[in-house]
Each structure stands twice: as structure tokens, then as C-alpha cells.
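>>> need a 3D model of the following:
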Amino acid sequence: MAEDRMDFPTDLQGQASSGGPALRALVDPDARLRAEIATRCAKLGVGPDALLLAAYAVTLTRWTGCRIVPVRCGTGTLDVEIQEERGTDDLLAATERLLRDPAVEAAGDAGEARAAFGPDAEPGDGVEVALRADWRGTDRSGSLACRAGVWTEAELTGFAADLLAAAAELAGASGPVEDVRAVSADRRARLAAVNDTGRHFPDAPLEQLFRQVADRLPDTVAVRHGDTELTYRQLERAATAQARLLAEAGVRPGDTVLVGLDRSVAEAVAVLGIALAGAAYVGVDLGAPAAHLARIVAKCRPTAVLHGPRDEAPAGVPAVPVWVPGWEECVEEVPALPSGAGDRLAYVAFTSGSTGEPKGVCVPHRGVVRLVHGADYVRLGPGDRVLRLSPLAFDASTLELWGALLTGATLEVYDEPLPSPTELGDFLVERGVTVAWFTAGLFRLLAEFAPRSLAGLRQVLSGGDVVPHQHVARLLEEHPGLVVTNGYGPTENTTFTTTHSVADPADVDGPLPIGVPVPGTRVYVLDDRCRLLPPGAVGELYTSGDGLATGYLGDPEETARRFGRFSPDVPERLYRTGDLVRLDGRGRLRFLGRADDQVKLRGYRVEPAAIAAVLARVPGVQDALVFAVGADSASKRLVAAVVPATEAGADPVALRLALERQLPSYMVPALWTVVESFPLTRNGKVDRKALAATARAAR
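Numbering: from 1, shown residues only. Down below sits the predicted model:
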């Protein structure tokens, strides 16, 4: 994440500065560190101020990602280059030469420096952070100051502590610059505390845990669809019959079985029956293009397919009968459970690959058990009614199905493929649903068009995109007692990696964090060399723990690229998410976008989310989305999609003029579309292709 411009990450992001005096923190090394600095500098023949400047530059690099650190020094600017492979001795010598170069002062060019250093350094005139110190004499103290609105007081104090840690590392011994971590001991402890999520899980497959629930709650309704329902004992019997039919068709433990059923009782029977047969299920849309299905079949080589009467089996895949009413009345001898424990394959979820070839994410039983067994981010149990809404191919279905069936809750099946907010809202009320998952897009629609339908819910979980915090706050005000949970996680880490729950509207003061790791998961914010970053710095999120997939089916190269032991600081298998995050002052992760979401337009780097945030603040705009279209620099353009706040609509020309008044010309979208609400894809995410198709120039 090396950056060209030095931006200071902060919890104050997006908040208007109230002005006021600069914040200040003392930089005062103890006697031991002073002695080490003196010894080291004398050995290398450099001044202590050179070591302090080098420590300052390294700390700024760790916090901002900027590899060439411009620092105002007197009337000139020093460009301190942080080359990770070079030795610390070379860095100190180079910094010494910069400080003693008379040409710097003579040039009188302050450049674009946002940091300053020296005996008279102060924030102001473009400088936002200043280290005021004069270590040329015997005094080794100093002070750090930042302009109001740049950092919080805690962040400034943290930077000062990291600066002293960097000074201690530079004074301690020679070595590569990359080994200078610039993180104080207290702040290292903060990083470790984030991952204090240890919890023991039963090392058991899903079907075994389900049977334990069925033995405990045999007469509790497990799944209900329309007028059809099965108790836990009936579901176990029906799934046992399904497993027998699969075995008779040649399905063996370790095989994969396609499931192309609509959401229904039969679907729940199929998934559980496949688990009882020791196989893994693969949710598919049999109405998808034949070529796409053929690629999936070629990848997973299924032994069988379970599908409904309206669909046909893919070529070469034998179909097996699916549940019909009456199976649950057949009392068969309960077969022995399949061998294997938590490392057995539970399901394969196909996601879109960057090349257009579907990637099959292989999720073991352990990942699902870690998601729902004794989860602390959601309370599920007997008496709860869980909405069954997500397509089986979408990993949110894992939470819905197994979150209910492993806790004694009841699945309430909603079978409309593209639900309208009002129809879904009516269903929630009629069925008394208490816990539901909605994509961020569907949550937005329900909050806008059917907010009263959520009155009976105890908890709403949402994610898959940025959850609109304004809607969250409004719903919490309207429905006291409701808990809204922002759930984040790639399919490769079994549905959820982190969560953040909120119940008080007063706690929604801006975009929701993605929160803290769920039990059994660990998270790490790493730089582009896979080194741990200080708390607060922006980096790529890597995750590990019991939720990790085993890899991509039949794709060892992609598996090795995304899964592995990448970091010298984290000696465990990690998954590289590609998402940019930072750890805020309260130990919560905040999502900042994709590492590859940044676009270049006319040579400038542009963050579409930043433009959308400005656009959303324009009067008359309820919601805004900005994204890029075009494959190359010649055709790439920004598209702005706007949801107006009133029925009067919104004028794209007026909105464009409003942005031109606030942003550089290269950040003003070229194409505009105004819609009543953002259209959604089948998986409930914003349909950007549909928005781009209606976008036009605003003239």
C-alpha cells in the first residue's frame, strides 16, 4: 500500500474540523534510550537529530504508507526516502547528509510537505504534523504537535509513542529498515487484544451436531414453508431417507452433489441429507446459462444433482429424487454417521473470478461450526424464527440454514426469487420472524418502504456491501430493542469474519465499523510487505482461524496466491482479502474499500467512495453511489447514481455543479443517473451494470 501522497489516517475521517489550537504531546526518551542514542550516533558519526529525523520518517511511513517522506525543515524540504531493503546505518547516514546539505536551506522550497521537523517546527501553512526538537545539543526531549482535526489526542499520543519505539530500534542495532516496526509495546498489546477471541469448538461434523439438537428437541418445528412444516425429528428422518437415496445412486463420502432447488422444505432436507451421506453440497442456479453451469460441473465433477420439476439436470449428472411429503413418516434404521471430523468438506461456493472463470471455495465443516456454535454476535435458540431468504449459492445461506438447525430455532422459508420490500415485510410479520439477514441493498429498501415490518424482529444482520448508517439510526429510533449487526466477511472465511452490533441510535454517528473478529477468527492489518501495521494505519486485511476455506477447488495456483503463510510477523496460514481497513481507537476495524477499488483518471488517483460521500451531503440527495466504467484509461469514466430525498427528484446538472464547487474537475463524474432506489442483482447487491446502462452526461 505504498502511497504517493501523505494522508494521515484518523478516527476523525469525514468530520469537519472545529478549528482551535494544535494538539501537543511530549517526546521525551528515558535515560537508557538517551544513552543508546548517543552511543549509536557516535559510532556511526551522525548527529542525534539525524536519528530522530529518520525515526520520524519511518514512523510516518508506517502510519501513512508514503515511502518518500517530504519533511519541511527550516525554509526547505527534505525528501527522506524509506527503502525497506537498505540497512539502518545507510538510512542514518543519508539522513545526516540531508540535514547538513546547505542547498536545502538555500533552495527555500517548502514543496508539498505536510510534516515538519526542527527546533522551531509548528503546524500551519500546509504543515499538519510537526516534530519540534533540537537534538544537536545535550537535550533529547521534544514535542509533537498536529493541527486541530488531523488526529485525536489519543492518536497523537500513539504516534509519539511509536516514534520513540522507532528511535529505540534505530539506536539498538544495525539491520534492514523493514525490521524497524515503529510500534510501541502498549500499542502492540492493543493489536494482540483484538484477536483475543479464543473459543473451543466441538471438532464434529454438522450432521452430528444436528442430531444432538434433534434428540434434545424432537417435536420443535425445524423448518416451515407455507403450510408445510417438519419437526426436528421429522427432518432427521426425511434427511436420512435422502442420504439413503444418494448412497444408492453412487454418492460416496467426499463427493460433491449439486443442489438446484428453490428455497423450500425439500432444500433443507437435501442439504442435511447430503451431509448425512458424507458428501458436500454445491448450491447452483440451474436457470443460469448452460456454459456457466458446464464450467461449474467441470470444476466440481458432481456425482449427482437434486433439482425441482421445472429444471433439468446438467448434462452428464444423474438426478436423484428429492423430498416429498411422507418421507418423514418412514422410520428407517438410523445409519452410522459418516467418518471424519471438522476438516471434512461441507460445501463448495462458487464465486466470480477475476478472469470470468468461477472459483469454487471449499468450506470445511469446522468453518460452519465456528460460525454458528455458541456465536456471540447473534443469539439463536428454541423459540427463534429465522428467515430463510438467501440463495443456497450465496454464503449467507450458511448462517440461515445452520444457524437455525444447530441451535433449535425454526427456519421460516420465503421463496420469492426477487422479493419486493412490502411483500417480504408482510411475510416477516405473518411468520413472526425474530432474526433475519438482509443484504445491504435489501436492508435499505426495507428501511425505506416497509420499516414497520421490522417491528417484531429482535435482530437484523446485514452486509455484503456498505450498510447505510442513516437507515440504521432511523430504524433503531423507530424500534426500541432492535439490534442491527453489520456483518463483514469474504466467502473464503465462511460468511462472517467480523461483526459490529448496535442497539442505540446515539451510537450511530457515521459509517458503521465492520467491527471485531467473530470467535475463532483472527484479523491482521498488513502493509504491502505483509508486515503488521500500527493501530490506526491503513492496510490490507488478512484473516486466519477456524473459518478459513481449504482453498479453491481444482485451482492450486489461485489457492497459493490467496492462502498461505505470507507474513513474517504472523506464523500461521492466512487469507488475503484484498480489502483496505484500519483499526480505530476503540479496537474496531473500519472498511475503506477494495485495494483495487482505486482508479486513475487523467493521471490522478481517485477514490469513488470519497466522491459519493461528498455527493450524499448535497441537499436533496438521500443516497449516492459512484463507480468507474471503462476498461482502460482512454474509456474510463466515473458514473454517479443518485437517489433523491423527495418526490421532486434531483437535477443531475445541479448536482454536477455542486460537486464542481467542492472537488477538482477530475473527481466530478461524467455520467449521471437518478433512480428511485438502487436496483439489486439476484444476490441482493447493487446492480452497477443496470445503473451504468441508464447513465447519461449531465449538461
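>>> how about Y232: what's its closest non-neighbour residue?
Of all residues not flanking Y232 in the chain, A214 sits nearest, at 4.1 Å (Cβ to Cβ, 6 or more residues apart in numbering). Where you see a C-beta, it was placed from the backbone N, CA and C, and this is true even at glycine.
>>> can you tell me how far the one you found is from L392?
Using Cβ to Cβ, to the nearest Å, A214 is found at 21 Å from L392.
>>> between the two, who's got more neighbours?
Comparing A214 with L392 by other Cβ atoms under 10 Å, the one with more neighbours is L392, at 25 against 22.
>>> quick check on the more buried one: phi, psi?
phi -60, psi -30 (degrees, to the nearest 10).
>>> quick check: it touching V271?
Yes. Using Cβ atoms under 8 Å, L392 is in contact with V271, at 7.4 Å.
>>> give me the common contacts of the two.
Common neighbours of L392 and V271 (criterion: Cβ atoms under 8 Å, 6 or more residues apart in numbering): 259, 281.
>>> okay, domains of this structure per the record?
With domains defined by automatic domain parsing, the chain comprises 23-182, 202-364, 521-594, 599-697.
>>> in JSON lines: those, plus distance to G489 and mean pLDDT.
Shown next, in JSON lines, are the domains of the chain (distance: least, Cβ to Cβ, whole Å; pLDDT from 0 to 100):
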{"stretch": "domain 23-182", "distance to G489": "24", "mean pLDDT": "91"}
{"stretch": "domain 202-364", "distance to G489": "12", "mean pLDDT": "91"}
{"stretch": "domain 521-594", "distance to G489": "8", "mean pLDDT": "95"}
{"stretch": "domain 599-697", "distance to G489": "15", "mean pLDDT": "85"}
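>>> including distance to P490, could the ones you listed go into CSV?
Shown next, in CSV, are the domains of the chain (distance: least, Cβ to Cβ, whole Å):
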stretch, distance to P490
domain 23-182, 22
domain 202-364, 9
domain 521-594, 5
domain 599-697, 14
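>>> helix, strand or coil for the spatially closest residue to D311 that is not a sequence neighbour?
Distances taken as Cβ to Cβ, 6+ apart put L286 closest to D311, at 4.0 Å, once the chain neighbours are dropped. Assigned state for L286: coil (three-state reduction, DSSP: H, G, I helix; E, B strand; the rest coil).
>>> would you agree L286 is in contact with P309?
No. L286 lies out of contact with P309 (Cβ under 8 Å); the separation is 11.5 Å.
>>> looking at the two, which one has more neighbours?
Neighbour count, other Cβ under 10 Å: between L286 and P309, L286 has more, with 18 against 5.
>>> measure the more buried one to A243 for me?
Relative to A243, and taking Cβ to Cβ, L286 is found at 22 Å.
>>> try P321
12 Å.
>>> who's more crowded, those two?
Counting neighbours by other Cβ under 10 Å for P321 and for A243 shows that A243 has the greater number, 24 against 12.
>>> residues near H479, how many?
18.
>>> phi, psi for it please.
phi -130, psi 80.
>>> that one is in contact with L454, isn't it?
Yes. Judged on Cβ under 8 Å, H479 makes contact with L454 at a distance of 6.0 Å.
>>> distance of the nearest residue to P511 once chain neighbours are set aside from L512?
Excluding its sequence neighbours, the residue lying closest to P511 (Cβ to Cβ, 6+ apart) is H469, at 5.4 Å. H469 sits at a distance of 5 Å from L512 (criterion: Cβ to Cβ).
>>> so for those two, which residue has more residues nearby?
More crowded of H469 and L512, by other Cβ under 10 Å: L512, with 26 against 16.
>>> the more buried one touches V467, doesn't it?
Yes. Using Cβ under 8 Å, L512 makes contact with V467 at a distance of 5.5 Å.
>>> name the residues contacting each of these two.
With Cβ under 8 Å, 6+ apart, L512 and V467 have common neighbours N486.
>>> show me what the helix or strand where T95 lies is packed up against.
Assigning secondary structure by DSSP states H and E places T95 in helix 88-100. With contacts taken as 3 or more Cβ pairs under 8 Å, 6 or more residues apart in numbering; DSSP states H and E, helix 88-100 sits against helix 31-44, helix 48-64, strand 76-81, helix 153-172.
>>> point out the most buried one among those.
Of all the helices and strands packed on helix 88-100, helix 48-64 has the most neighbours on average by mean count of other Cβ atoms under 10 Å, namely a mean of 26.
>>> same for it, what does it pack against?
Right, helix 48-64 is packed against helix 31-44, strand 68-73, strand 76-81, helix 88-100, strand 115-118, strand 129-133, helix 153-172 by 3+ Cβ pairs under 8 Å, 6+ apart.
>>> any idea how far V484 is from L33?
47 Å.
>>> repeat that for P568.
For P568, the distance to L33 - Cβ to Cβ - is 25 Å.
>>> from what I see, T673 and V643 are in contact.
No. Contact criterion Cβ under 8 Å: T673 and V643 do not qualify, at 10.2 Å.
>>> so which of the helices and strands packed on helix 48-64 comes closest to D186?
Closest to D186 of the helices and strands packed on helix 48-64 is helix 153-172 (Cβ to Cβ; 6.6 Å).
>>> number of residues surrounding F566?
17.
>>> ugh, wrong one, I meant T550
16.
>>> count of residues packed around the closest residue to it other than its chain neighbours?
With Cβ to Cβ, 6+ apart as the criterion, T550 has its nearest non-adjacent residue at 4.6 Å, and that residue is C362. Using other Cβ under 10 Å, C362 is surrounded by 21 other residues.
>>> same check, this time on the one 10 residues further on
Residue neighbour count, defined by other Cβ under 10 Å, stands at 24 for V372.
>>> can you check G278 too?
When neighbours are counted by other Cβ under 10 Å, G278 registers 22.
>>> what of R188?
R188 has 16 neighbours, counted by other Cβ under 10 Å.
>>> just checking, it is part of a helix?
Yes. According to three-state DSSP, R188 belongs to a helix.
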